[in-house]
Structures are given as C-alpha cells and as structure tokens.
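Visitor: Sharing a model that was predicted from the sequence below.
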Amino acid sequence: MILFHRPSRTTVILIAVAVLAAIFIFINTRRGTNEIMANLVKVEGNSLSVAAKYINTTSGNPYYDDFRDVEVIVDPKTKITRIALQLPSQEELKKTNGLFYPDKLPRVQSAATLDILKKDFSLAAISLTAKGVGNILNSKSFIATEITYTTIAVEAPVLDKD
C-alpha cells in the first residue's frame, strides 16, 4: 500500500511557477487608487479636463512622474470644496518689498458649486484633488465624489469716487 507518492520534478516546477504567477498577479492587481491631484486645463459643461497624477493613497506619492490627461465628471452628488488663498494687501507687500511665503498665506475654506469653480478658473489657475468610487488608477475618466480645489482670492479693485 502506497500512502505517499513523491511528485515528479516537473510537477514541483509547475506548482512553483503557478504560485509565483499568483503572487505576481495579486501584487499587480492590488495597486489602485481613488484619488488624483491635478491642474485644471478646461471646463466644458459638467466635465473637467485635467492634467493629473494618480495618488497612492497609502504613501501619498504619485504612481507616475508624468501628468496624464483625465476627464473628471461632476454630477449633482459631487461635493466641491473651495480653498482660497488670501494674498497680502498692497500695504503689506510694500513692507516686504513684494515678497511673501505662499505656505503662510491665510486660507478660507468654503463649499462651492461647479459655477463657482468655473468663475474662479476664468480668473486664475486652479489645482485640485478629486476622488472617485473604486479604483480609478489609469482611468481616462471618472465621476468625482469629492473635489477640493485651491485658488487665489481675487478682490475687485477699489475705484476712487471722483
């Protein structure tokens, strides 16, 4: 009576290759993200064309060095947050010879709409982060659940009443 049959060398090699292939597939399909950081390029209707980097949500680093063209679709459920950097006044700039540190500028955060984002984009460049549902890594377009963008608070010039 044979209780244990010793596997052939070929069987062992095939099992080893299958295990390695399974590990490789697991590691490569596990990569994913639900977030991009981007520069807004164009707005058409409810679609934002952006130059984006996919963000590894575990490390916070981008997956690729280059920017990718992505379409971010804004639907009625998309939460949009506006962060406006408050630039120094003319008087403050005179005191510092026109120099200021952007990291130290006051920020005002508020809820926004697509129309507000469009208006801000017509006045200044916009950088943003956008989140989608599920894995959006390498997606050419996705529906955003959240968009947070940063812009410069632009004040209208004060005119003399002469």
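Guide: Nice, thanks for sending it over.
Visitor: ok now do residue 72, which residues does it touch?
Guide: 36, 38, 47, 48, 50, 52, 130, 141, 142, 144, 147 (Cβ atoms under 8 Å, 6 or more residues apart in numbering). From N, CA and C alone the C-beta is placed, and that goes for glycine too.
Visitor: for the fifth one, phi and psi?
Guide: What that stands for is residue 50. phi -130, psi 160 (degrees, to the nearest 10).
Visitor: cool, and the last one?
Guide: For residue 147, the backbone dihedrals are phi -130, psi 130 (criterion: degrees, to the nearest 10).
Visitor: Tell me the pLDDT of the spatially closest residue to residue 141 that is not a sequence neighbour.
Guide: Nearest residue to residue 141, sequence neighbours excluded (Cβ to Cβ, 6 or more residues apart in numbering): residue 71, at 3.7 Å. Note on residue 71: pLDDT of 97.
Visitor: separation between residue 71 and residue 140?
Guide: 7 Å (Cβ to Cβ, to the nearest Å).
Visitor: out of these two, which sits in the more crowded spot?
Guide: Using other Cβ atoms under 10 Å, the more surrounded residue of residue 71 and residue 140 is residue 71, with 16 against 9.
Visitor: what stretches of this structure score poorly on pLDDT?
Guide: 1-4, 26-31, 154-162 (pLDDT under 70).
Visitor: Can you list the residue ranges for helices in it?
Guide: Under the criterion DSSP state H, the chain contains helices at 9-30, 90-95, 114-123.
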